[in-house]
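Colleague: From the sequence below, what's the structure:
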Amino acid sequence: MSRDHPIIVGNWKMNKSLEEAKSFVEGLVPKLEESDVVLLAVPFTLIKPSVDASAGSVLKIGAQNMNDASKGAFTGEVAALMLKEVGASFVLLGHSERRKYFGESNEFIHKKLLRAFKDRIDPILCIGETLDEREKGHTEGVLDSQLAEALEGVKNLRKLKIAYEPVWAIGTGETATPDIAQEAHHFIRQWLNGKYGEEVSSKLLLLYGGSVTEETCKTLLGEEDIDGLLIGGASLSLDSFVKIVHDSRYAKRDVS
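Modeller: Now for the predicted structure:
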């Protein structure tokens with residue numbers, strides 16, 4: 001994957017039945033082009049049927065979470081190798097809902113990230129500030145600590161992607177303006193440049209997530225440091241998701 005073609009990632013969260021998932025994927029696949037970079041993060045129970053329904057297409061299926069252990073007495077948890085076994089090619093880590101509702105710390109997310117690298121499943125690291133943190137001017141400090149703690153000791157980022165998802169814009173209908181989103185993405189890229197150098201930072205894919213809609217996707221993707229979108233609610237509607245994928249093909253970007 002390169003920065004000159006936007007990546008579109010849908011996150012179904014805890015939604016869709018088996019039949020709904022199969023119908024969605026079977027409806028999506030024929031509308032994709034060979035050059036599209038489209039991923040779907042689905043509930044654990046829908047990974048294998050979604051993988052089967054998308055076989056032979058460019059669509060990639062992944063998970064929304066995983067544990068940091070390879071196996072063991074962790075009731076209700078799922079390991080990276082288990083995800084890979086059923087066909088998942090990537091996993092979301094550190095989503096704000098995991099942080100907020102399940103108390104996931106930067107330290108735990110760091111351990112899960114290391115496990116993802118070790119077991120070779122591509123991680124998408126989610127970071128972002130709350131409304132209170134933004135209003136107090138702490139956005140950059142929050143992003144700095146989330147990045148520093150999650151990536152501590154990580155020397156090779158390999159296939160990592162980072163999604164900036166301002167918590168105040170998730171599920172609220174509020175979307176960061178292109179300027180606000182670009183400002184945060186630029187900070188993240190400069191942070192990566194300072195730690196890993198320009199060769200790494202210039203190639204790493206940065207995604208924006210936060211109530212993305214058909215109306216906002218093209219303007220967001222037009223920003224220099226926004227390489228893709230992490231889409232929640234709009235990914236549940238086949239028509240809306242297809243429209244976003246379609247519009248992403250025509251987003252004008254300059255990543256030189």
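Colleague: What strand or helix carries the closest residue to residue 129 other than its chain neighbours?
Modeller: Distances taken as CB to CB, 6 or more residues apart in numbering put residue 142 closest to residue 129, at 4.3 Å, once the chain neighbours are dropped. Heads up, the C-betas are built off the backbone N, CA and C, glycines and all. Taking DSSP states H and E as the definition, residue 142 sits inside helix 139-150.
Colleague: quick one: the helices in the stretch 101-250 of the chain?
Modeller: Ranges of helices within the stretch 101-250 of the chain are 106-118, 131-135, 139-150, 178-196, 198-201, 217-221, 238-248, based on DSSP state H, counting those that start in this stretch.
Colleague: thinking again about what came up before, got the contact list for the helix holding residue 142?
Modeller: With contacts defined as CB atoms under 8 Å, 6 or more residues apart in numbering, helix 139-150 is touched by 94, 106-107, 109-110, 113, 125, 127-130, 133, 162, 164, 184, 187-188, 191-192.
Colleague: and it, how far from the chain's centre?
Modeller: Relative to the centre of its chain, helix 139-150 is centred 17 Å away, using CA atoms, centre = their mean, to the nearest Å.
Colleague: same deal with stretch 197-215?
Modeller: In terms of CA atoms, centre = their mean, the centre of stretch 197-215 is found 9 Å from the chain centre.
Colleague: Go through that stretch and flag the buried ones.
Modeller: Neighbour-count burial for stretch 197-215 flags 201, 204, 205, 206, 207, 208, 209, 210, 211, 212, 214 (criterion: 16 or more other CB atoms under 10 Å).
Colleague: And it, end to end?
Modeller: 35 Å (CA to CA, to the nearest Å).
Colleague: How about stretch 41-49?
Modeller: 13 Å.
Colleague: okay, now the residue lying closest to residue 191 once chain neighbours are set aside: neighbour count?
Modeller: Closest residue in space to residue 191, ignoring its immediate chain neighbours: residue 147 at 5.7 Å, by CB to CB, 6+ apart. The tally of other residues near residue 147 (other CB atoms under 10 Å) stands at 19.
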